[in-house]
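J.: no letters, just coordinates:
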């Protein structure tokens with residue numbers, strides 16, 4: 001393949017731009033905040049799962065408290081009815097009156113038991129609500145930190161995008177100066193050479209693989225016309241000859 005020596009030199013400029021863009025894109029894909037965001041998202045998922053479970057506990061205890069309240073009120077209402085009957089004098093039979101008094105005593109014990117159960121459920125509910133509040137606060141704290149980190153990440157990404165756009169603005173002019181076959185070779189090699197496609201032959205050394213060229217290979221390159229596109233035998237990168245090549 002032949003190409004004007006000036007076009008071959010322009011490949012170095014193109015590669016410098018592409019290398020800078022690759023570096024910027026890597027920065028964008030791997031923001032400094034990524035590790036902490038990942039860690040916090042893991043913590044949030046764990047806390048959110050516990051929060052959902054705790055809401056179920058609170059709901060169940062709320063229902064239990066409502067039932068306990070209703071049970072106490074029901075027995076108290078029955079006690080009130082019995083007392084009213086006794087106080088009204090409607091029960092004249094002494095045995096019936098005695099049975100009513102025993103029933104009232106039983107109701108009093110039942111109310112005492114139900115109120116103890118009601119108090120126990122209330123205490124459990126208060127503890128569950130307190131735990132729910134702590135988990136809710138933890139979620140809010142995690143969300144706050146995640147908001148700060150994602151905002152910083154997005155701002156940084158936007159800045160990198162602007163920088164990429166600015167760097168790429170000069171790429172079109174370089175491509176316009178390159179022959180299609182040379183540009184095609186460059187693009188093909190970029191996929192297999194880690195982005196380092198073109199190497200300046202400097203002081204008899206390939207700038208890509210950093211290997212020194214032997215005397216016979218240097219002799220062949222020295223005898224090659226300037227417009228011939230030279231490839232390094234070892235790494236197959238394009239070698240660009242300059243006044244500092246040591247030829």
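T.: That came through, no problem. This structure is a prediction, so every number in the text was calculated from the model and none was measured.
J.: residue closest to the middle of this structure?
T.: Nearest residue to the geometric centre of the chain (Cα atoms, centre = their mean): residue 38, 4.3 Å.
J.: how far away is it from residue 30?
T.: 12 Å (Cβ to Cβ, to the nearest Å). For every residue, glycine as well, the C-beta is placed using N, CA and C.
J.: pLDDT below threshold where in the chain?
T.: Judged by pLDDT under 70, the chain has no weakly predicted residues.
J.: mind naming the longest helix for it?
T.: helix 94-168 (DSSP state H).
J.: now do the helix or strand that that one is followed by: which elements does it pack against?
T.: Using DSSP states H and E, the helix or strand that follows helix 94-168 in sequence is helix 171-176. Packing partners of helix 171-176 (3 or more Cβ pairs under 8 Å, 6 or more residues apart in numbering; DSSP states H and E): helix 5-29.
J.: could you find the closest non-adjacent residue to residue 186?
T.: Closest residue to residue 186 apart from its sequence neighbours, by Cβ to Cβ, 6 or more residues apart in numbering: residue 197 at 5.4 Å.
J.: that neighbour is in contact with residue 189, isn't it?
T.: Yes. Using Cβ atoms under 8 Å, residue 197 is in contact with residue 189, at 4.2 Å.
J.: where does residue 245 fall, phi/psi-wise?
T.: Dihedral pair for residue 245: phi -70, psi -20, per degrees, to the nearest 10.
J.: which residue sits closest to it, ignoring its sequence neighbours?
T.: Counting by Cβ to Cβ, 6+ apart, the residue nearest residue 245 is residue 201, at 4.2 Å.
J.: so which helix or strand takes in the one you found?
T.: strand 198-202.
J.: mind listing what that strand pairs with, with the direction of each?
T.: strand 205-206 (antiparallel), strand 238-241 (parallel) (DSSP bridges).
J.: quickly compare these and say which is most buried.
T.: A comparison of the strands paired with strand 198-202 by mean neighbour count, using mean count of other Cβ atoms under 10 Å, puts strand 238-241 on top with a mean of 22.
J.: please identify the buried residues of the strand holding residue 201?
T.: 198, 199, 200, 201 (16 or more other Cβ atoms under 10 Å).
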